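Peer 1: turn this into a structure:
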Amino acid sequence: MNSQWIKHSWGVLAWFCGILFFLPVAWMFLTSLHSESDAATNPPSLAAPLTLDGYTEFFDSGAWPPLINSFSASIGSTIIVLLLAIPAAYALSIKPVEKWTDVLFFFLSTKMMPVVAALLPIYLIAQFAGMLDNISFLTLLYCSMNLPIAVWLMRSFLSEVPKEILEAASIDGAGLITILRRVVAPIAMPGIAATALICFIFSWNELLFARVLTGVVAGTAPVYLTGFVTSQGLFLAKVCAAAVVVSLPVLIAGFAAQDKLVQGLSLGAVK
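Peer 2: So this is what the prediction gives:
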C-alpha cells in the first residue's frame, strides 16, 4: 500500500513538472497568434482574436538568411564532428591506445575554460585571418566546441559494440573504413543519432560567439532574434512568433529522432 502511494506520488510529480515546463511554451505560442495590442494587455486576454501577423512580419523582415546560416553552421558542424568523433572514439574504446584515460581527460579539460575567456583570442584570430562575419569560420568553431563532448559520448556508445563481431569482420578481410561503415555504424546508430542531435542543439542555440564574430552576412537565428529588443520597446507578439520559428527545427529534430535518442542515451545503462 505504501509503495503504491509512492508510485502514484511520483506520477503526479512527473505530470506537474511536465505541465510546468510546457506552460511557458504554450503561452509563447498563444501570444505569437495575437496582435501587438492584445499581446501587450495586462493581464493577457485568452479570448483575444487570433492572427498570423506576427509570423508574417517576422518572415517579411528578412529572417531567411539568418535561418539558412544557422542551418548551414549547425548541420555542417554536426557532420564534421561525427566524421572526426567516430574514428577517435573507436580508437579509445574498441582499439584502446596507450593512456587513453589521459586522452579523454584532455578532451574534457577543453570544456572547463569559461567561454568568455576564449572570446577575445578567437576574435583576434578571426580578425587576423579575415574571417569575421564568415559562416565557415563559425562552423569550424562549433566543430571545436562540440568535438570533445561528441568523443566522450561516442566512446561510451562504441564500447558496447561486441568485439567478436569486429574480429570476425577483420578475419574476413574488412579494412578499418569498411568496419566503421558497415559494422560499427549500424550497431551504434542510436548513439550516433543521440550525439548528432545534441551537437545540433548546441550549435543551433549558441549565441555568444555568433553575436561577437558575425555581423550582417553570417548572423545566425539566435542573433537575429535578439534584434527584436529595440530602443522603441519590445514587440511581444513578433518576438514570440520569432521564438517559435527559431525553436521549431530543434523540436522537429528531437521528435523525429526520439526513438533513437532514447536508445542511444540508454546504451550501457543496463547490462
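Peer 1: on contacts alone, who are the packing partners of the host helix or strand of Val245?
Peer 2: Using DSSP states H and E, the element containing Val245 is helix 236-256. Where contact means 3 or more Cβ pairs under 8 Å, 6 or more residues apart in numbering; DSSP states H and E, helix 236-256 is packed against helix 2-32, helix 36-39, helix 53-60, helix 64-93, helix 189-205, helix 221-226. Glycine gets a C-beta too; all of them are placed from N, C-alpha and C.
Peer 1: next, the angle helix 189-205 makes with that helix.
Peer 2: With axes from the mean of the first three to the mean of the last three Cα atoms, to 10 degrees defining the directions, helix 236-256 sits at 160 degrees from helix 189-205.
Peer 1: for helix 236-256, which positions count as buried?
Peer 2: 236-247, 249, 253 (16 or more other Cβ atoms under 10 Å).
Peer 1: ok, stretch 25-35 next?
Peer 2: Buried, per 16+ other Cβ under 10 Å, within stretch 25-35: 28, 31-34.
Peer 1: can you check stretch 200-220 too?
Peer 2: So for stretch 200-220, counting by 16+ other Cβ under 10 Å, buried means 200-206, 209-210, 213-214, 218-220.
Peer 1: format these as CSV; extra columns: pLDDT.
Peer 2: Output for the buried residues of stretch 200-220, formatted as CSV (pLDDT from 0 to 100):
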residue, pLDDT
Phe200, 93
Ile201, 91
Phe202, 92
Ser203, 94
Trp204, 94
Asn205, 92
Glu206, 92
Phe209, 93
Ala210, 93
Leu213, 93
Thr214, 91
Ala218, 90
Gly219, 90
Thr220, 93
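Peer 1: between the residues you listed, which sits nearest Gln127?
Peer 2: Nearest to Gln127 among those is Leu213, at 9.3 Å by Cβ to Cβ.
Peer 1: please identify the helix or strand for the closest residue to the closest one other than its chain neighbours.
Peer 2: What sits nearest to Leu213 in space, not counting adjacent residues and going by Cβ to Cβ, 6 or more residues apart in numbering, is Ala126, at 5.7 Å. Assigned by DSSP H and E, Ala126 falls within helix 115-128.
Peer 1: which strands and helices sit next to that helix?
Peer 2: helix 208-213.
Peer 1: contacting residues around the helix it packs on?
Peer 2: Contacts of helix 208-213 with the rest of the structure, by Cβ atoms under 8 Å, 6 or more residues apart in numbering, involve 115-116, 119, 122-123, 126, 132-133, 137-138, 141, 219-220, 222-223, 226.
Peer 1: the same query, at a cut-off of 6 Å, please.
Peer 2: Applying Cβ atoms under 6 Å, 6 or more residues apart in numbering, the external contacts of helix 208-213 come out as 115, 123, 126, 141, 220, 223.
Peer 1: distance-wise, check the fifth one relative to Glu167.
Peer 2: Between Thr220 and Glu167 the computed distance is 45 Å (Cβ to Cβ, to the nearest Å).
Peer 1: same question, Val184
Peer 2: To Glu167, Val184 is 13 Å away according to Cβ to Cβ.
Peer 1: of those two, who's got more company?
Peer 2: Legend: neighbour count by other Cβ atoms under 10 Å for Val184 and Glu167, higher for Val184 (26 against 10).
Peer 1: who touches that one in this structure?
Peer 2: Val184 sits next to Val161 when contact means Cβ under 6 Å, 6+ apart.
Peer 1: report pLDDT for it.
Peer 2: Note for Val184: predicted pLDDT of 84.
Peer 1: one more: Gly233?
Peer 2: 66.
Peer 1: so where's the stretch 1-150 of the chain uncertain?
Peer 2: Along the stretch 1-150 of the chain, segments meeting pLDDT under 70 span 1-3, 43-44, 95-97, 100.
Peer 1: tell me how far the nearest residue to Leu119 once chain neighbours are set aside lies from Leu104.
Peer 2: Nearest residue to Leu119 in three dimensions, chain neighbours excluded: Val212, at 6.1 Å (Cβ to Cβ, 6+ apart). From Val212 across to Leu104, the span is 30 Å (Cβ to Cβ).
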